[in-house]
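Novice: Here you go, sequence then predicted model.
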Amino acid sequence: MNDFIARYSQQLLGVLSGFDRLVLRGNLTGLAHDTGMRGYLWASGVAWKDYAKHVEAVSQRIKQASVESIAAQGRPVQYLASGKESKEEMARAIARQDGITAGPVCAFTAVEPCLTWSVGGNRATGKLQLKKGMRKCLFIYHYWIDAVFGFMSARLQTWFPFPIYVYLNGREWLSRQMQQAGMAYQQHDNCFSWIEDFPRAQQLMDQQLETPWPAALEACVARIHPLFPALFEHYPVSYYWTSHQTEWAMDMVFRDPEQLRRLYPQLIHLGMTAFSSPDVMRFLGKKVGPSGNLRGSHSHEVISDWKVRQEGVRIKHRYGPNSIKLYDKIYAERGAVLRAELTMNAPEQFRVFRHQASQPEGKMLWLPLRAGIADLHRRAEVSQKALDRYSNALAKVDGTTTLGELAASIETRRHWHGRSVRALHPFEAGDLALLQAVNRGEFVINGLRNRDLQALLFAGASASSAEARRRSAAVSRKLRMLRAHGVLQKLPHTHRYQVTDHGRLILNTVLSAQRATSQQLTSLAA
């Protein structure tokens with residue numbers, strides 16, 4: 001039972017859970033160790049002294065074979081000297097420009113760091129030997145629009161041991177499924193603000209877990225690495241596929257976008273002020289004792305933070321390489337999407353009930369979750385359970401206070417310590433800049449000082465000592481005003497000030513509303 005969904009069920013168009021980003025990695029495990037590489041060189045008749053020439057020749061053949069089919073279909077193949085720009089965005093731009101709706105889009109090549117084999121001398125033995133280390137080599141990126149998965153890509157390392165990464169998106173995949181089912185929907189990037197039949201769409205997403213992955217991924221190998229069968233004709237090896245990274249997302253689609261705009265700042269406030277490190281570990285299924293200590297191994301630091309994005313504000317809780325985050329994904333006319341998402345980079349932090357690999361007929365045990373695609377279904381299960389626990393905690397939010405009520409508490413004149421203090425005007429430029437300054441993330445832990453606000457509110461250094469005193473006095477008056485309205489509190493025995501819990505709620509709500517208004521005005525102007 002998801003308490004958050006139950007509480008806001010009357011305001012939700014629907015809920016959709018499934019994979020968002022999927023990064024699958026194929027490794028030639030037969031070449032991952034010294035013995036395997038020796039076997040390949042022996043079977044291919046390559047002497048130690050000829051290794052470098054062999055690698056260079058193979059790399060050239062792989063590149064030629066990989067891009068040949070792309071070029072033959074008239075699609076661009078481009079070398080990228082810099083990795084600053086997003087390759088995916090470049091590929092999508094090419095697809096839009098050329099009107100590509102199916103088949104290959106383009107290919108990029110780039111020189112990047114890689115883990116590979118080399119042959120070097122051993123001073124102790126005076127002989128040549130294989131060495132594994134970091135070098136740089138050519139990588140090939142293929143982008144295409146698949147009939148099943150939609151827009152996707154793959155990355156091939158052209159030096160031994162030729163790992164392949166395949167990138168796809170579950171929402172992009174779902175759009176193809178819904179098209180085939182004749183369902184209407186409204187899509188924004190990788191989310192849906194409206195779907196004709198949410199329960200049916202969820203059934204289609206559930207079907208993704210039944211995909212015959214080996215066959216689908218071998219088709220990707222044939223596309224990006226067509227030389228593979230000929231290269232290993234005399235030394236047969238095969239790719240072993242793992243889930244390098246998965247993002248499992250639960251989209252809660254609000255019928256009225258204004259309802260989410262009103263609720264979301266309070267969710268951010270709750271997540272940052274009320275969720276402790278033990279809470280985050282419990283969300284991720286860890287057994288935490290009454291004192292907050294973790295039972296068992298895999299102890300990692302817990303970090304919670306929030307970040308202002310172009311689309312809005314997101315809150316993120318990290319436990320080692322894995323994380324849970326919440327963000328308002330999109331506000332559209334027909335619906336607004338609140339997304340809770342679990343990113344899994346270290347599956348061994350979770351458990352699966354299975355046989356030991358060495359004893360397939362033995363007793364089943366709770367063992368660490370593997371990266372292999374065999375445990376992909378279990379990965380989906382633990383991800384959803386983690387998001388349900390997180391949502392249950394979010395259901396405690398007080399969604400009854402409106403923006404107007406919060407703003408009204410600071411938009412009236414106050415009497416504080418025997419003196420009258422003017423009202424704050426949060427949507428006017430001067431006070432808005434002040435609120436944005438005190439709400440900056442670097443002040444959350446240690447607070448802020450008079451000089452910190454001076455640096456943010458005034459341009460350049462003071463021209464004279466009199467100017468410096470004037471600035472200090474002006475900021476002191478602003479700090480006094482914020483304290484009078486309960487936004488700031490002075491830290492004992494220091495010259496620092498910190499935002500109060502009530503102030504954080506006001507700031508998050510008001511600033512989120514201001515950003516939404518600004519985005520709407522920008523959209524209308526465009």
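Specialist: Great, that's in hand.
Novice: Run through the stretch 151-300 of the chain and note the low-pLDDT ranges.
Specialist: Scanning the stretch 151-300 of the chain with the threshold set as pLDDT under 70 gives 289-299.
Novice: Going along the chain, name the strands of it.
Specialist: In the stretch 151-300 of the chain, the segments counted as strands under DSSP state E, counting those that start in this stretch are 164-169, 185-188, 191-195, 239-254.
Novice: Let me have these in TSV, extended by mean neighbour count.
Specialist: Yep, even glycine has a C-beta here, placed from its N, CA and C like the rest. As requested, those are arranged in TSV below (neighbours: other CB atoms under 10 Å):
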stretch	mean neighbour count
strand 164-169	21
strand 185-188	16
strand 191-195	22
strand 239-254	22
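Novice: Make CSV out of those strands and add distance to R75.
Specialist: CSV is the format used below for the strands of the stretch 151-300 of the chain (distance: least, CB to CB, whole Å):
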stretch, distance to R75
strand 164-169, 18
strand 185-188, 25
strand 191-195, 28
strand 239-254, 25
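Novice: out of these, nearest to Q489?
Specialist: Counting by CB to CB, Q489 lies closest to strand 239-254 out of the strands of the stretch 151-300 of the chain; the figure is 33.9 Å.
Novice: Packing partners of that closest one?
Specialist: Applying 3 or more CB pairs under 8 Å, 6 or more residues apart in numbering; DSSP states H and E, we find strand 239-254 packed against strand 12-28, strand 191-195, helix 213-224, strand 336-344, helix 376-394.
Novice: Now tabulate the ones you listed in JSON lines and tack on distance to Y327.
Specialist: Formatted as JSON lines, the helices and strands packed on strand 239-254 follow (distance: least, CB to CB, whole Å):
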{"stretch": "strand 12-28", "distance to Y327": "12"}
{"stretch": "strand 191-195", "distance to Y327": "11"}
{"stretch": "helix 213-224", "distance to Y327": "29"}
{"stretch": "strand 336-344", "distance to Y327": "6"}
{"stretch": "helix 376-394", "distance to Y327": "13"}
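Novice: how about these, which one is nearest T125?
Specialist: Using CB to CB, the helices and strands packed on strand 239-254 put strand 12-28 closest to T125, at 27.4 Å.
Novice: now the angle from the closest one to strand 164-169?
Specialist: Strand 12-28 runs at 170 degrees relative to strand 164-169, counting by axes from the mean of the first three to the mean of the last three CA atoms, to 10 degrees.
Novice: Over strand 12-28, what's the mean pLDDT, rounded is fine.
Specialist: The average pLDDT within strand 12-28 is 97.
Novice: Same check on stretch 37-55?
Specialist: Regarding stretch 37-55, the rounded mean pLDDT is 93.
Novice: mind listing what's buried in it?
Specialist: Buried residues in stretch 37-55, defined by neighbour count with 16 or more other CB atoms under 10 Å: 37, 40-41, 46, 51, 54-55.
Novice: What is the nearest of these to V302?
Specialist: Out of the buried residues of stretch 37-55, the member with the shortest distance to V302 (by CB to CB) is M37, at 40.8 Å.
Novice: can you tell me the helix or strand for the closest one?
Specialist: Taking DSSP states H and E as the definition, M37 sits inside helix 34-43.
Novice: Quick one: list the elements packing against that helix.
Specialist: Applying 3+ CB pairs under 8 Å, 6+ apart, we find helix 34-43 packed against strand 127-146.
Novice: cutoff 10 Å now
Specialist: When contacts are defined as 3 or more CB pairs under 10 Å, 6 or more residues apart in numbering; DSSP states H and E, helix 34-43 packs onto helix 51-72, strand 103-122, strand 127-146.
Novice: And the first one, what's buried?
Specialist: It refers to helix 51-72. In helix 51-72, counting by 16+ other CB under 10 Å, buried: 51, 54-55, 58-59, 62-63, 65-67, 70.
Novice: got the angle between that helix and strand 103-122?
Specialist: Between helix 51-72 and strand 103-122, the angle comes out at 180 degrees (the same axes, to 10 degrees).
Novice: Only the C-alpha atoms, please, for helix 51-72, written as CSV.
Specialist: Taking Å, rounded to 0.1, in the frame of the first residue of the first chain, the C-alpha atoms of helix 51-72 are listed here in CSV:
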residue,chain,number,x,y,z
TYR,A,51,50.9,-7.8,-30.4
ALA,A,52,50.9,-4.0,-30.9
LYS,A,53,50.6,-4.4,-34.7
HIS,A,54,47.8,-6.9,-34.3
VAL,A,55,45.8,-4.7,-32.0
GLU,A,56,46.2,-1.7,-34.3
ALA,A,57,45.1,-3.7,-37.3
VAL,A,58,42.1,-5.2,-35.5
SER,A,59,41.0,-1.8,-34.2
GLN,A,60,41.1,-0.3,-37.8
ARG,A,61,39.0,-3.3,-39.1
ILE,A,62,36.5,-2.9,-36.3
LYS,A,63,36.0,0.8,-36.9
GLN,A,64,35.6,0.3,-40.7
ALA,A,65,33.1,-2.6,-40.2
SER,A,66,31.1,-0.7,-37.6
VAL,A,67,30.6,2.6,-39.5
GLU,A,68,30.4,1.0,-43.0
SER,A,69,26.7,0.2,-42.7
ILE,A,70,25.9,3.7,-41.3
ALA,A,71,27.7,5.5,-44.1
ALA,A,72,26.2,3.2,-46.7
